[in-house]
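*Asks:* only the shape, not the letters, is given here:
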């Protein structure tokens with residue numbers, strides 16, 4: 001039984017692949033954060049001010065429903081949380097996931113995928129959501145260009 005969880009939201013499959021690599025490297029359990037209502041291509045059209053993702057990301061209190069819960073969050077000491085970076089932060093559905101559990105005494109390691117944007121102030125946002133008593137790592141932007149050896153070095157440097 002692993003004491004590390006890799007939870008991820010993936011809109012296009014890129015974050016899912018990175019999450020699987022992290023889970024394999026950490027011998028961690030894997031959990032997909034899936035919204036009750038899956039995102040369509042039209043929902044993800046960031047150029048449309050009326051698209052679902054744009055509307056959600058415009059409201060910092062938006063919490064789209066998540067389809068499933070982690071069965072036993074208490075057994076984990078560390079939780080990697082992965083997502084594509086949207087509007088320089090984590091998607092609202094990830095905020096729903098973070099709001100759904102008590103992470104006190106745990107370490108959260110955010111990671112994002114992006115074609116160019118960095119992880120920005122995501123750690124601060126996540127800290128604000130999960131509250132005191134949770135160690136939130138600064139996190140890292142990862143993508144298809146990261147080598148297995150670089151990914152391994154990053155994970156080893158986390159000390160979990």
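*Replies:* Okay, I see it. Keep in mind it's a predicted model, so treat the numbers as computed, not measured.

*Asks:* which residues in this protein form strands?
*Replies:* With DSSP state E, the ranges of strands along the chain come out as 4-8, 29-32, 78-84, 107-113, 135-136, 140-142.

*Asks:* I'd like those strands as CSV, with mean pLDDT, distance to residue 47 and mean neighbour count appended.
*Replies:* C-beta: built from backbone N, CA, C; applies to glycine. What follows is those, written out as CSV (pLDDT from 0 to 100; distance: least, CB to CB, whole Å; neighbours: other CB atoms under 10 Å):
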stretch, mean pLDDT, distance to residue 47, mean neighbour count
strand 4-8, 97, 25, 24
strand 29-32, 98, 27, 18
strand 78-84, 95, 16, 25
strand 107-113, 94, 20, 23
strand 135-136, 96, 31, 18
strand 140-142, 87, 22, 19
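
*Asks:* any idea which of those gets closest to residue 151?
*Replies:* strand 140-142 (7.0 Å; CB to CB).

*Asks:* show me what that closest one is packed up against.
*Replies:* strand 107-113, helix 148-158 (3 or more CB pairs under 8 Å, 6 or more residues apart in numbering; DSSP states H and E).

*Asks:* for the last one, what is the distance to the chain centroid?
*Replies:* Here the centre of mass of C-alpha atoms in helix 148-158, compared against the chain's by CA atoms, centre = their mean, to the nearest Å, lies 18 Å away.

*Asks:* try stretch 23-34
*Replies:* Offset of stretch 23-34 from its chain centre (CA atoms, centre = their mean): 11 Å.

*Asks:* what of stretch 39-59?
*Replies:* Remark: stretch 39-59 is offset 18 Å from the chain centroid, using CA atoms, centre = their mean.

*Asks:* tell me the mean pLDDT for that stretch?
*Replies:* In this model, stretch 39-59 has a mean pLDDT of 86.

*Asks:* count the neighbours of the residue nearest to residue 114 when sequence neighbours are not counted for me.
*Replies:* Nearest non-adjacent residue to residue 114, counting by CB to CB, 6 or more residues apart in numbering: residue 85, 4.2 Å away. For residue 85, the count of nearby residues is 20 (other CB atoms under 10 Å).

*Asks:* many thanks, have a good one.
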